[in-house]
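>>> Prediction below, plus the sequence it came from.
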Amino acid sequence: REPLWYKDAIIYELHIKAFMDGDNDGIGDFEGLLSKLDYLEDLGVTCIWLLPFYPSPSKDDGYDISDYYNINPAYGDIKTFKRFLREAHKRNLKVLTELVINHTSDQHEWFQRARRAKPGSIYRDYYVWSDSQSKYKDTRIIFTDYEASNWTWDHEAQAYFWHRFFHHQPDLNYDNPRVQKEIFKIIDYWLDMGVDGFRLDAIPYLFEREGTNCENLPETHQYLKQLRAHVDSKYENVLLLAEANMWPEDSVAYFGQGDECQMNYQFPLMPRLFMAVNMEDRYPIIDIYDQTPSIPENCQWATFLRNHDELTLEMVTDEERDYMYKVYTKDPQARINLGIRKRLAPLLENNRQKIELMNMLLFSLPGTPVLYYGDEIGMGDNYYLGDRDGVRTPMQWDPGRNAGFSDANPQKLYLPLIMDPDYKCENINVENQQRNPNSLLWWMKRILKTRKQYKAFSRGDLNFLAPDNPKILAFIRSYEEEVILTIINLSRFSQPAQLDLSAYLDYIPLEVFSHNEFPKIEKQPYLFTMGPYGYHWF
Ligand code: BGC
């Protein structure tokens, strides 16, 4: 692995059960994924992020792990996983897996042993117990839609156990050195196999302390430094990607001084890509970069639009959230106390222009872009389904039965396809779009190709320009000799805004522009053309 490989990556998040069914039991698996590696290579992504594929009761879709050293038999076995890893690496596709270490499933042998062990014994203390619910009482509850407390009584143990997520996901006790060491063994097992890095699920919640803000504790960062040092002492350029869903000034702590996680999701950017396009205003984008501190040189944000937890209005201010809901639900009283399941999906109707504009922003702004499976063909949310299932339906490969995902009887599919009439399966599938050069899929392939062609996009700095029209988002990305000006006209519905290019003359030699028509500029380094609703680059 070359140093800083993750800065130039384009990550593709997929759920093994949703991608391709290789043994026709209605559930995706590694055999199926193996048959689609050429597709991923051709799409242009460079790294696959797999959602949890370990043995699990699957009450939280695999984030409730009952065995860290194996493969959920529904998806395959270790032998098949190793073959997948080999085949992915042959195609220069890196592989990230989930390190879900804040909690285990209550079916994990550690918990089964702990609840029967004597209070104070070493195995009992793999988890956090109390004889009352009053400890850590100020700590916020994350899944407010489902849990009324972070404590649940265990009859076998005759005590309460602590859980920041569902009550079937008891938190591990990181004050116990044995637990800390167990995690290093798990990491070594998968890194010895050749995995390229981990997404550190729910990493801010490892330690519990009195008081409200226990999501940026010194103990957590100390442990992350030890974990990173351990990994760097044995392996080359392994990526640690933090899931720290916070405002940038708080989440930057997970980079440490470049000695903790090299990457971290920039959650607050996600709704702003959506807001800028729907409000036709550059403010939401500029605002989040204004409040994002600089980060260590070897670090990078991971940016995304959709993911397995929904597109949410969690990381916006109350005023912004109210505005969005008033505008989009036409309900003057619309307010949401957002749980992870409240969705913007109804607002992100399957609209090609919106999807292109948001991806243009995603791929031209700083950060390593993360595509969620199906983004490339405009698969949206089947938001009639409960919990977060709406964004976890089978990938749609062709217009045939089960959208080509499986030959199983349609009733056996683990979830229904997106059969919402707006999606018309015959359009939203890979095969039909591969045949149509004007499809979103072809457009996405071009944008991925251009992204990879210029380091200014993956490593360059960012300077916003401020044309007087707030509907125009313009910025320069520069890196060494490359200078790329991106101008995005957010006024999709009204006439493309007349652009006074004089603001850019320092960057663009006059002869390539004329003020009246929308020029097609192909000369490097100016890489954009003017489309019906704005500059986009190919
Ligand atoms: C994941 C969720 C999961 C939760 C508990 C989050 O970080 O993204 O899907 O339910 O952790 O593991």
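Perfect, I can see it now. Owing to the predicted nature of the structure, the values given are computational and were not obtained by experimental measurement. Numbering: from 1, shown residues only.
>>> rest of the way, CA atoms for contacts and neighbours
Noted.
>>> now the stretch 301-450 of the chain, which segments are flagged as low pLDDT?
Of all residues in the stretch 301-450 of the chain, those with pLDDT under 70 make up the ranges 311-312, 325-350, 383, 419-426.
>>> And the helices in it?
Assigned by DSSP state H, counting those that start in this stretch, the helices in the stretch 301-450 of the chain fall at 318-329, 352-364, 430-434, 440-453.
>>> And the contacts of the third one?
Where contact means Cα atoms under 8 Å, 6 or more residues apart in numbering, the residues beyond helix 430-434 that reach it are 377, 396, 397, 398, 399, 426, 427, 439, 440, 441, 442.
>>> let's see it at 6 Å
397, 398, 439 (Cα atoms under 6 Å, 6 or more residues apart in numbering).
>>> in that helix, what's buried?
For helix 430-434, the neighbour count (16 or more other Cα atoms under 10 Å) marks 430, 431, 432, 433 as buried.
>>> Tabulate the residues you listed in a markdown table, adding columns for distance to the ligand.
What follows is the buried residues of helix 430-434, written out as a markdown table (distance: Cα to the nearest ligand atom, whole Å):
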| residue | distance to the ligand |
| --- | --- |
| 430 | 26 |
| 431 | 30 |
| 432 | 31 |
| 433 | 30 |
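>>> Report the separation between residue 71 and the ligand.
If you measure residue 71 against the ligand using Cα to the nearest ligand atom, to the nearest Å, the figure is 17 Å.
>>> likewise residue 217?
Going from residue 217 to the ligand by Cα to the nearest ligand atom gives 18 Å.
>>> count of residues packed around that residue?
Using other Cα atoms under 10 Å, residue 217 is surrounded by 16 other residues.
>>> next one: residue 252
Neighbour count for residue 252, taken as other Cα under 10 Å: 24.
>>> Which residue, other than its chain neighbours, is closest to the residue in the stretch 1-150 of the chain positioned nearest to the ligand?
Closest approach of the stretch 1-150 of the chain to the ligand (Cα to the nearest ligand atom) occurs at residue 63, with a separation of 4.5 Å. Residue nearest to residue 63 in three dimensions, not counting chain neighbours: residue 52, with 6.1 Å by Cα to Cα, 6 or more residues apart in numbering.
>>> Report pLDDT for the one you found.
What the model reports as pLDDT for residue 52 is 98.
>>> same check, this time on residue 538
According to the model's per-residue confidence, residue 538 sits at a pLDDT of 31.
>>> repeat for residue 535
Reported pLDDT at residue 535 in the predicted model: 41.
>>> The residue of the stretch 1-150 of the chain closest to the ligand: how many residues sit nearby?
Counted by other Cα under 10 Å, the residues lying close to residue 63 total 24.
>>> ditto for residue 190
Close neighbours of residue 190, defined as other Cα under 10 Å, add up to 17.
>>> helix, strand or coil for it?
Using DSSP: H, G, I helix; E, B strand; the rest coil as the criterion, the local structure at residue 190 reads helix.
>>> Run through the bridge partners of residue 370.
In this structure, residue 370 has the following beta-bridge partners (DSSP bridges): residue 11, residue 304.
>>> That one touches residue 11, doesn't it?
Yes. Shown here, residue 370 and residue 11 form a contact pair, counting by Cα atoms under 6 Å, at 4.5 Å.
>>> re the thing from before, let me have the buried residues of helix 430-434 in CSV, adding distance to residue 172 as columns.
Rendered in CSV, the data for the buried residues of helix 430-434 read as follows (distance: Cα to Cα, whole Å):
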residue, distance to residue 172
430, 42
431, 45
432, 47
433, 46
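>>> for those residues, which one is nearest residue 185?
The shortest approach to residue 185 among the buried residues of helix 430-434 belongs to residue 430, at 40.0 Å (Cα to Cα).
>>> Write out the residues of the chain neighbouring the ligand.
Taking Cα under 6 Å from any ligand atom as the measure of proximity, the chain contacts the ligand at 60, 63, 165, 201, 202, 309.
>>> of these, the lowest pLDDT goes to which?
Looking at the residues of the chain next to the ligand by pLDDT, the weakest one is residue 309, with 87.
>>> So what's the residue count around that residue?
By the other Cα under 10 Å criterion, the neighbourhood of residue 309 contains 16 residues.
>>> Quick check: chain neighbours aside, which residue is closest to it?
Sequence neighbours aside, residue 388 is the residue nearest to residue 309 in space, at 6.1 Å (criterion: Cα to Cα, 6+ apart).
>>> Give me the number of neighbouring residues for the one you found.
By other Cα under 10 Å, the burial measure for residue 388, its neighbour count, is 20.
>>> Then residue 223?
Using other Cα under 10 Å, residue 223 is surrounded by 16 other residues.
>>> Can you tell me the SS state at it?
When the rule is three-state DSSP, residue 223 gets the label helix.
>>> In contact with it, which residues?
With contact taken as Cα under 6 Å, 6+ apart, residue 223 is in contact with no other residue.
>>> quick one: it from residue 398, how far?
Noted for residue 223: a distance of 47 Å to residue 398, by Cα to Cα, to the nearest Å.
>>> what's the answer for residue 410, then?
15 Å.
>>> Of the two, which one has the most company?
Taking neighbours as other Cα under 10 Å, residue 410 and residue 398 compare with residue 398 leading, 20 against 15.
>>> pretty sure the more buried one is touching residue 429, no?
Yes. A contact is recorded between residue 398 and residue 429 when judged using Cα under 6 Å, the distance being 5.1 Å.
>>> Residues that sit against both of the two, list them.
With Cα under 6 Å, 6+ apart as the test, residue 398 and residue 429 reach no residue in common.
>>> all strands for the stretch 101-250 of the chain, in order.
Secondary structure of the stretch 101-250 of the chain by DSSP state E, counting those that start in this stretch: the strands cover 129-130, 151-154, 159-162, 197-200, 239-242.
>>> just the ones you listed: most buried one?
A comparison of these by mean neighbour count, using mean count of other Cα atoms under 10 Å, puts strand 239-242 on top with a mean of 25.
>>> which other helices and strands contact that one?
For strand 239-242, the contact count by 3 or more Cα pairs under 6 Å, 6 or more residues apart in numbering; DSSP states H and E identifies strand 197-200, strand 263-265 as packing neighbours.
>>> can you list the ones you listed in CSV and add distance to residue 91 and mean pLDDT?
Supplementary listing: these in CSV, determined by distance: least, Cα to Cα, whole Å; pLDDT from 0 to 100:
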stretch, distance to residue 91, mean pLDDT
strand 197-200, 17, 98
strand 263-265, 23, 97
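>>> I'd like those as a markdown table, with distance to residue 314 appended.
As requested, the helices and strands packed on strand 239-242 are exported to a markdown table (distance: least, Cα to Cα, whole Å):
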| stretch | distance to residue 314 |
| --- | --- |
| strand 197-200 | 20 |
| strand 263-265 | 14 |
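>>> Out of those strands, which gets nearest to residue 237?
Using Cα to Cα as the measure, strand 197-200 is the one of those that comes nearest residue 237, at 8.6 Å.
>>> For that closest one, which strands pair with it and how are they oriented?
Paired strands of strand 197-200, with direction, are strand 94-99 (parallel), strand 239-242 (parallel) (DSSP bridges).
>>> Reformat those strands into a markdown table and put mean pLDDT next to each item.
Listed next are these as a markdown table, based on pLDDT from 0 to 100:
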| stretch | mean pLDDT |
| --- | --- |
| strand 94-99 | 98 |
| strand 239-242 | 98 |
